[in-house]
Each structure stands twice: as structure tokens, then as C-alpha cells.
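Visitor: Build me a model from this:
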Amino acid sequence: MQVFHHVASLREALAEARRDGKTIGFVPTMGNLHDAHIELVKLAQQSCDVVVVSIFVNRLQFGLNEDWDKYPRTMEQDMARLRAANCDYLFHPDESEIYPNGMDQQTRVVCPAMTDVLCGASRPGHFEGVTTVVSKLFNIVQPDKAVFGIKDFQQLAVIRRMVEDLCIPVEIVAAPVHREADGLAMSSRNGYLTEEERPKVAILNQSLNWAREAIENGRRDFVALEDEAKARIEQAGFKVDYFSICNSRDLQPAAHDDREITLLGAMYTSGARLIDNVSLSM
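Guide: All right, here's what the predicted structure looks like:
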């Protein structure tokens with residue numbers, strides 16, 4: 001695995017790969033890699049000749065009271081995982097490489113659709129940070145395909161919209177949610193869970209699946225279903241951020257005749273905010 005810290009040297013290596021007719025796959029991450037990240041790499045390897053993984057903890061997408069300072073940085077372990085997965089290139093830039101003029105002066109990419117609801121409502125500015133850094137990384141790597149996990153469903157939808165609106169020539173590939181044995185979606189923030197909380201947090205996924213099954217069995221009282229699911233999570237001892245039944249494409253509240261529906265939930269533990277989702281076709 002070749003490691004790059006600078007845009008120019010990475011571009012030079014990728015230009016050589018393109019001259020050889022190779023296709024480029026890209027997996028952007030913030031590090032602290034777990035099995036779900038490696039599944040993204042493997043999915044990219046299935047259809048691309050060369051795979052680039054980036055590790056960059058993007059301060060621009062963290063709010064004032066969020067966990068940028070304590071976000072886990074595990075570079076040695078991350079590099080070992082990527083080498084074991086036969087990753088080709090690792091791009092690990094400093095902040096000054098990504099934001100050479102400083103973040104205050106950085107040109108921003110704003111996707112007004114779908115960013116003021118769900119996670120966007122409780123994390124103002126988060127998606128502006130995501131779309132800005134992902135657009136920069138797309139311009140740096142210029143991949144043929146980029147792989148994102150479905151666990152961050154709203155992020156996936158926003159990036160797809162950005163790519164469509166800005167005519168970015170990259171195919172967005174969605175990777176299934178990778179889960180623990182009890183259904184908990186793998187996340188870097190799972191490391192913040194206490195021993196007491198860990199056996200209980202599966203309630204988020206359980207509530208999503210309970211509501212999905214209710215819809216599959218004919219229920220269309222979506223607001224009532226949302227309220228019942230929230231009550232289940234609260235009874236388990238967690239604070240609900242949101243539980244929403246949405247149209248899968250635009251994340252608006254689902255209509256009774258929508259054919260593609262996604263249920264999205266977020267809840268707070270003592271030290272983490274966990275998200276999850278499930279989808280169904282009618």
C-alpha cells in the first residue's frame with residue numbers, strides 16, 4: 001500500500017494508473033476503521049482496478065459542541081487493516097493540505113435539499129462540511145466510483161444529490177449496513193458506549209424493524225408509528241433525537257402511496273449519538 005500526504009503526489013500516481021487504463025475506486029473515511037469500513041474497500045475492489053482510501057477527520061463537519069477533539073485517531077491500526085485488505089493507496093492529508101487558505105476562507109458547497117431535517121436539524125452546518133470536503137476529495141481523486149455506507153442514509157442521499165446537481169462524473173455505490181450480532185450498526189462512535197448501555201442500544205434497530213414490519217403488514221398511520229417507536233426507545237432509557245418515516249429519495253415525510261420508504265432513527269446515549277435506518281419497497 002502506498003501512502004500519500006499531499007495532493008500533488010497522489011494525483012501523479014493516479015494519473016499513471018489511468019494511463020494504464022485502470023479504473024479508480026474511492027472510499028472516503030475519517031479513520032478509526034472497523035469491519036464495516038473494510039467491507040466498503042472490498043466492495044470497491046470488486047469493480048475497480050485501483051482503490052484509494054482517504055483518512056481525514058474533517059473539522060468542518062463538526063459542530064461547536066461536538067467531538068472533533070476526542071474523535072478517535074488510530075492511524076497505526078488503520079494502516080494495518082488497510083494493508084491486510086490489500087488497499088492500493090492511502091491518502092492521509094493534514095488539514096492545511098485540504099484547507100490551504102484556512103477553513104474560514106474555504107469556498108463552501110451547499111446542498112439545500114435534505115440538509116435541514118433529521119441529522120441536519122440537530123447538527124447545523126454538518127452537511128455543508130460533508131459536501132464541501134467530499135467535493136474536494138472527488139476533485140483530488142477523480143474516481144470512477146465512490147463507495148458510501150447506507151448506515152449514513154441521509155449523507156448518502158445528500159451526496160447523490162450533490163453529484164447530480166454539480167455534474168460530477170462519479171458513480172456513487174451504496175454499501176449495506178454492517179452490523180454486530182445483536183443488530184447494532186457498526187460505528188466509530190460505538191466505542192463511546194458504557195458497559196451498561198451496550199446490551200440495550202440494539203433497541204434502535206429493533207424499533208426500526210418493528211415499524212417496518214408494521215408498515216409491511218398494512219399500517220399507514222405513519223405519525224402514530226413514529227410516536228410508538230420513540231416510546232419504545234425512551235422506555236429503554238435513551239433520549240430520541242428523531243424517528244422518521246420518509247420517502248427514500250427526498251427524505252420528505254412518507255405519503256401513503258410512496259413506493260420506496262426509509263425509516264430513520266437517531267438516539268443519544270451518555271456519550272454518543274447513534275443513527276440507523278431500514279428501507280422497504282411497497
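
Visitor: from here on, contacts and neighbour counts on C-alpha atoms
Guide: OK.

Visitor: ranges for the strands of the stretch 51-200 of the chain?
Guide: Assigned by DSSP state E, counting those that start in this stretch, the stretch 51-200 of the chain shows strands spanning 89-91, 145-149, 171-175.

Visitor: Nearest to Asn32 among the ones you listed would be which one?
Guide: With C-alpha to C-alpha, the closest approach to Asn32 among these belongs to strand 89-91: 13.8 Å.

Visitor: which residues touch Cys48?
Guide: Neighbouring residues of Cys48 by C-alpha atoms under 8 Å, 6 or more residues apart in numbering: 22-25, 145.

Visitor: Out of the strands of the stretch 51-200 of the chain, which gets nearest to His6?
Guide: strand 89-91 (7.8 Å).

Visitor: between the contacts of Cys48, which has the most around it?
Guide: Gly25 (28 neighbours; other C-alpha atoms under 10 Å).

Visitor: That residue contacts Leu43, correct?
Guide: No: assessed by C-alpha atoms under 8 Å, Gly25 is found out of contact with Leu43, at 9.3 Å.

Visitor: Overlap of the contact sets of these two?
Guide: With C-alpha under 8 Å, 6+ apart as the test, Gly25 and Leu43 both reach Val147.

Visitor: worst-scoring helix or strand of the protein, pLDDT-wise?
Guide: Every helix and strand in the chain was compared by mean pLDDT, DSSP states H and E; the lowest is helix 119-122, with a mean of 93.

Visitor: And for it, what's in contact with it?
Guide: Outside helix 119-122, the residues touching it (C-alpha under 8 Å, 6+ apart) are 114-115, 126-127, 154, 241, 266.

Visitor: Can you give the distance of that helix from its chain's centre?
Guide: Remark: helix 119-122 is offset 14 Å from the chain centroid, using C-alpha atoms, centre = their mean, to the nearest Å.

Visitor: Same question for stretch 156-176.
Guide: Counting by C-alpha atoms, centre = their mean, stretch 156-176 is centred 12 Å from the centre of its parent chain.

Visitor: Any idea which of the strands of the stretch 51-200 of the chain gets closest to Pro72?
Guide: strand 89-91 (17.7 Å).

Visitor: Mind giving me the packing neighbours of the closest one?
Guide: Strand 89-91 sits against strand 2-4, strand 50-55, with contacts defined as 3 or more C-alpha pairs under 8 Å, 6 or more residues apart in numbering; DSSP states H and E.

Visitor: looking at those, which is closest to Asp250?
Guide: That would be strand 50-55 among the helices and strands packed on strand 89-91, by C-alpha to C-alpha, at 27.9 Å.
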